[in-house]
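Asks: What would the 3D arrangement of this be:
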Amino acid sequence: MPRDTDPKSQTAAPRAASPASRRIDDWVSFWDRPHAIYVSERHADIHYRDIAAAITRYLPGPAAWVLDYGCGEALHADTVAAAAGRLFLCEAAPSVRRKLAVRYDGVGKIEAIAPESLAAMPDHSLDLIVVNSVVQYLSRSELLALLGQWRRLLAPGGMLVIGDVIPPDVSAWQDLMALLRYARANGFLPAALFGVLRTAASPYRKLRATHGLARYGEADFMALLRSAGFSAERQAVNIEHNQARMTFTARPLDDY
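Replies: Below you'll find the model as predicted:
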């Protein structure tokens, strides 16, 4: 496995002349600014704690190289890094990426990178790629392009985990009720009730109304993964708290 090359020492490929679509740019701009998606500090902490725990359960071993694509603030990434060989936190929003670099400065196993840096990473260098709550912001063609990149990066026997995929029949009301149940179970229900009102008046609602969220049925998403060269299965439990959404694991078909 060609891991003697450090992505930091390589020159990232230049950004293409036709950058990410306006839709993606708008979403990246949203995440790059202060927002009210997490209704309180406790909500954010619990959310990222649970995601870190879920990622750790997918680790194939203590030497694994891991990519968390679209990681957000990754408040508990040190938990994953402690159980892995190396962890790359890939985040498109520059301000979030800067916070990650500061938060984990001195943690040798963790590196915060931009999506463009993946082009310079060696083939077959990652054992686990986790993409959680990201695909809803991508067009189908954008997702297919990324699947090709992730397939290139996965080592033999490596796994891709795609979480929080939204089925076509899941409504905003179901999302709200899932959040309130999660809040009640974790002690931030009053903040969640207030946060719902705040989010309703935020740019998130406007962006969601303008751009929509990508949705996939189980069979459709499985077919998409197969078309990109993966063998895949749906997991019984979603990586996030909302169990109306789906998590899939996939491996390059070359492994079979």
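Asks: CA atoms for contacts and neighbours, from now on please.
Replies: Noted.
Asks: Walking through the protein, point out its strands one by one.
Replies: Ranges of strands within the chain are 65-69, 86-90, 110-113, 126-132, 154-165, 230-234, 246-252, based on DSSP state E.
Asks: could you dump these to CSV with distance to residue 32, mean neighbour count and mean pLDDT?
Replies: Compiled in CSV, the strands of the chain are given as follows (distance: least, C-alpha to C-alpha, whole Å; neighbours: other C-alpha atoms under 10 Å; pLDDT from 0 to 100):
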stretch, distance to residue 32, mean neighbour count, mean pLDDT
strand 65-69, 16, 24, 98
strand 86-90, 14, 23, 98
strand 110-113, 15, 22, 97
strand 126-132, 18, 24, 98
strand 154-165, 21, 22, 97
strand 230-234, 31, 19, 97
strand 246-252, 26, 23, 98
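Asks: who wins for proximity to residue 51 among those strands?
Replies: Among the strands of the chain, the nearest to residue 51 by C-alpha to C-alpha is strand 126-132 (8.6 Å).
Asks: Stretch 139-150: which residues count as buried?
Replies: Using 16 or more other C-alpha atoms under 10 Å as the test for burial, stretch 139-150 gives 143, 144, 147, 150.
Asks: Contacts for it next, please.
Replies: For stretch 139-150, the surrounding residues in contact (C-alpha atoms under 8 Å, 6 or more residues apart in numbering) are 119, 129, 135, 160, 214, 224, 225, 228.
Asks: cutoff 10 Å now
Replies: 20-21, 23-24, 67, 69, 118-119, 123-124, 126, 128-130, 134-138, 152-153, 159-160, 213-216, 224-225, 227-230, 252 (C-alpha atoms under 10 Å, 6 or more residues apart in numbering).
Asks: Give me the mean pLDDT for that stretch.
Replies: For stretch 139-150, the mean per-residue pLDDT is 96.
Asks: Also stretch 188-200?
Replies: In this model, stretch 188-200 has an average pLDDT of 83.
Asks: can you give me the offset of it from its chain's centre?
Replies: Mean-position distance between stretch 188-200 and its chain equals 24 Å (C-alpha atoms, centre = their mean, to the nearest Å).
Asks: Could I get the buried residue list for that stretch?
Replies: Residues 188, 189, 191, 192, 195, 196, 199 are the ones in stretch 188-200 that count as buried (16+ other C-alpha under 10 Å).
Asks: before we move on, what about stretch 239-247?
Replies: Quick answer for stretch 239-247 (16+ other C-alpha under 10 Å): 239, 240, 241, 242, 244, 245, 246, 247.
Asks: Pretty sure the third one sits against residue 43.
Replies: To tie it back to what came earlier, the one meant is residue 241. No - the pair residue 241 and residue 43 does not pass the contact test of C-alpha atoms under 10 Å, sitting 11.8 Å apart.
Asks: so what sits against both of the two?
Replies: Common neighbours of residue 241 and residue 43, using C-alpha under 10 Å, 6+ apart, are 179, 182.
Asks: Let me see the contact set for the residue sitting furthest away from the middle of the chain.
Replies: What lies farthest from the middle of the chain is residue 190; by C-alpha atoms, centre = their mean that is 27.4 Å. Residue 190 makes contact with 39, 40, 180, 183, 184, according to C-alpha under 10 Å, 6+ apart.
Asks: how does it look with 8 Å?
Replies: Contacts of residue 190 by C-alpha under 8 Å, 6+ apart: none found.
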